[in-house]
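>>> the sequence isn't on hand, but the structure is:
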């Protein structure tokens with residue numbers, strides 16, 4: 001099966017670094033990262049595997065590997081399930097975050113690992129030299145160390161791991177195509193799940209959460225707080241080298257572009273904000289009602305690889321009614337959330 005590399009740092013951000021930076025070494029790193037990402041960005045076969053949970057409390061199977069700063073996968077195994085900490089922060093963070101993400105999907109949605117069938121969770125750390133990204137390649141997680149100036153280690157933020165693993169969950173359920181609006185939904189679903197995993201780990205309510213994706217990833221000199229803001233798309237960063245966060249939070253600002261697979265990392269701000277509006281309106285923990293509706297939708301038979309925003313919105317309204325009742329508070333809140341971003345559900 002061919003694979004699609006889904007990266008946490010979008011190409012438009014790296015392209016802005018190439019255009020804006022005065023530092024030749026920084027420019028060269030961004031060009032190299034873009035090249036590595038593009039070389040492995042291929043279409044994958046459709047994977048439509050929808051299995052129900054078995055009701056038992058399953059346990060993860062984690063393996064962490066070390067690429068030794070080479071661009072070869074999977075690398076040398078440095079920690080397996082149940083093994084002692086290695087003392088390498090990147091490897092140990094990767095191991096821990098795999099466990100937290102597994103626990104979220106298992107305990108909240110009875111979803112057993114990435115494929116809901118106990119799939120081994122593999123992460124490779126120290127990929128490449130100063131590689132400024134992390135990605136899901138269709139089979140495993142891969143992390144760069146960052147350059148230490150614009151980007152810090154990609155194993156640091158929990159939601160980076162959870163975001164990328166959620167691409168695997170989407171791959172094994174709705175398998176939303178990675179272009180245009182389906183691709184933006186694919187990216188948004190990973191942001192939604194990534195944010196919920198972080199909130200779950202921290203015990204935060206929707207009101208307490210920061211709704212930032214990749215907070216802590218930027219170096220101290222970068223004028224920005226995160227890669228994306230689900231609460232306020234377009235406000236995550238505004239930096240001389242990185243440029244300004246281009247995400248819209250409403251269909252009025254929808255970006256039509258052939259770049260970034262049709263703007264998948266840009267227009268994901270619209271469904272991201274819809275989820276934030278829903279979770280905030282319902283209150284409490286985001287994974288309980290808002291997240292349940294999104295998870296029900298992702299694992300339903302209502303989505304297709306080419307589902308667009310309107311189709312996804314309609315599915316969430318229908319499934320909110322199925323779970324909570326027609327014209328329930330939850331269903332009405334879903335409609336209002338989509339209306340708030342200019343999508344008719």
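Happy to help now that I have it. Predicted, not measured: the structure shown is a model, and the values here were computed from it.
>>> which residues of the stretch 1-150 of the chain fall in strands?
Along the stretch 1-150 of the chain, counting by DSSP state E, counting those that start in this stretch, strands occupy 6-7, 62-66, 76-80, 121-125, 134-136, 141-143.
>>> strands paired with the fifth one, and their directions?
To tie it back to what came earlier, the one meant is strand 134-136. If you go by DSSP bridges, strand 134-136 pairs up with strand 6-7 (antiparallel), strand 141-143 (antiparallel).
>>> these: lowest mean pLDDT?
Mean pLDDT is lowest for strand 6-7 among the strands paired with strand 134-136, at a mean of 88.
>>> centre of the chain versus that one, how much separation?
Mean C-alpha position of strand 6-7 versus that of the full chain (CA atoms, centre = their mean, to the nearest Å) differs by 8 Å.
>>> among the strands of the stretch 1-150 of the chain, which is the most enclosed?
Mean neighbour count (mean count of other CB atoms under 10 Å) peaks for strand 141-143 among these, with a mean of 30. In short, each C-beta sits where N, CA and C put it, glycine included.
>>> hmm, back to that, tell me which of the strands paired with strand 134-136 lies nearest to residue 331.
Each of those has some distance to residue 331 by CB to CB; the shortest is strand 6-7, at 30.9 Å.
>>> show me the contact partners of the closest one.
Residues outside strand 6-7 that contact it (CB atoms under 8 Å, 6 or more residues apart in numbering) are 37, 133-136, 164, 167, 178, 186-187, 190.
>>> then stretch 307-318?
174, 176, 180-182, 184-185, 251, 270-271, 274, 293-294, 297, 300, 302-304, 331, 334-335, 338, 343-345.
>>> of the residues you listed, just the buried ones, ChimeraX syntax please.
Of the contacts of stretch 307-318, the buried ones go into a single ChimeraX selection, burial set by 16 or more other CB atoms under 10 Å:
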select :174,176,180,181,182,184,185,270,271,274,293,294,297,300,302,303,331,334,335,338,343,345
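>>> show me the helices in this protein, by range?
11-20, 24-39, 89-109, 158-171, 180-202, 260-263, 269-282, 290-298, 309-324, 329-340 (DSSP state H).
>>> tell me which of the ones you listed sits nearest to residue 232.
Nearest to residue 232, of all those, is helix 269-282, at 7.9 Å by CB to CB.
>>> so which elements touch that closest one?
The contact analysis (3 or more CB pairs under 8 Å, 6 or more residues apart in numbering; DSSP states H and E) places helix 269-282 against helix 180-202, helix 290-298, helix 309-324, helix 329-340.
>>> any idea of the mean pLDDT in it?
If you average the pLDDT over helix 269-282, you get 98.
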